[in-house]
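>>> pasted the sequence and its predicted model underneath.
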Amino acid sequence: AAMDTYLAVASKRDWRSYADRPIPPEVERRILDAGRVSGSAMNRQPWVFVVVESPEARERVAQTVYASDNVRSAALVVAIATEGGGAALDVGRAMQNMFLAAWNDGVVSCPNGMPERDAAASALGLQEGLLPVSIPSFGYPKRPLDPESKSPEEWSEDANRKPLEELVRRI
């Protein structure tokens, strides 16, 4: 059964360590497709999704991100690359859709930045001109998570976030 969208948004948290369990091909496909169908400026779809599968590639890429273990322990690693590393907003939209589609299937995730995008591009074997914007990691959580255990409002209240009153201004 599909999760309520607000519940999905309110209950999703970034996870940086994962259970040693593969993601089934149909779940992986939904995650990638959620990125593919994302909106982008003038529908340019500026991205390339590089799935990092081989252990050698995984280790090369792990060495180029800030938190190597996120990549090493993940069941799925997908670099999102664009021309010159641009279109950050479009990439963010695609990545968040991937995260929410993953969470709908019980898969947790985390974005991964990198200190040197050129080094990451090289580790990913990207063609000239393409640079990774983020390298999100995905996997099943080490302990079971039940988004339905709380209401969206309860998840929202429990979130370690600034209160709405501090963020919203009306003019």
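In hand now; what should we look at? On a predicted model such as this, the values are computed, not experimentally measured, just so you know.
>>> average pLDDT for the lengthiest strand in the chain?
With residue count as the measure and DSSP state E as the assignment, the chain has strand 76-83 as its longest strand. The average pLDDT for strand 76-83 rounds to 98.
>>> that strand pairs with which strands, and in what direction?
Strand 76-83 has the following strand partners under DSSP bridges: strand 48-51 (antiparallel), strand 130-134 (antiparallel), strand 137-139 (antiparallel).
>>> list the buried ones in that strand?
Residues of strand 76-83 classed as buried by neighbour count (16 or more other CB atoms under 10 Å): Leu76, Val77, Val78, Ala79, Ile80, Ala81, Thr82. For every residue, glycine as well, the C-beta is placed using N, CA and C.
>>> ok, now stretch 140-155?
Neighbour counts over stretch 140-155 (16+ other CB under 10 Å) mark Tyr140, Leu145, Pro147, Pro152, Trp155 as buried.
>>> and after the strand or helix carrying Ala101, which helix or strand comes next?
In this assignment (DSSP states H and E), Ala101 forms part of helix 88-104. Sequence-wise, the next helix or strand downstream of helix 88-104 (DSSP H and E) is strand 108-110.
>>> give me the most central residue, the chain.
The centroid of the chain falls nearest to Pro136 when counting by CA atoms, centre = their mean (4.0 Å).
>>> hang on, Leu145 in a strand?
No - looking at Leu145 with DSSP: H, G, I helix; E, B strand; the rest coil, it is coil, so not inside a strand.
>>> surely it meets Gly106?
Yes - between Leu145 and Gly106 there is a contact under CB atoms under 8 Å: 7.2 Å.
>>> low-confidence ranges in the protein?
For the chain, applying pLDDT under 70 flags the ranges 1-2.
>>> check the gap between the closest residue to Leu126 other than its chain neighbours and Glu153 for me.
Using CB to CB, 6 or more residues apart in numbering and skipping the chain neighbours, the partner closest in space to Leu126 is Ala81 (5.6 Å). Distance from Ala81 to Glu153, counting by CB to CB, to the nearest Å: 38 Å.
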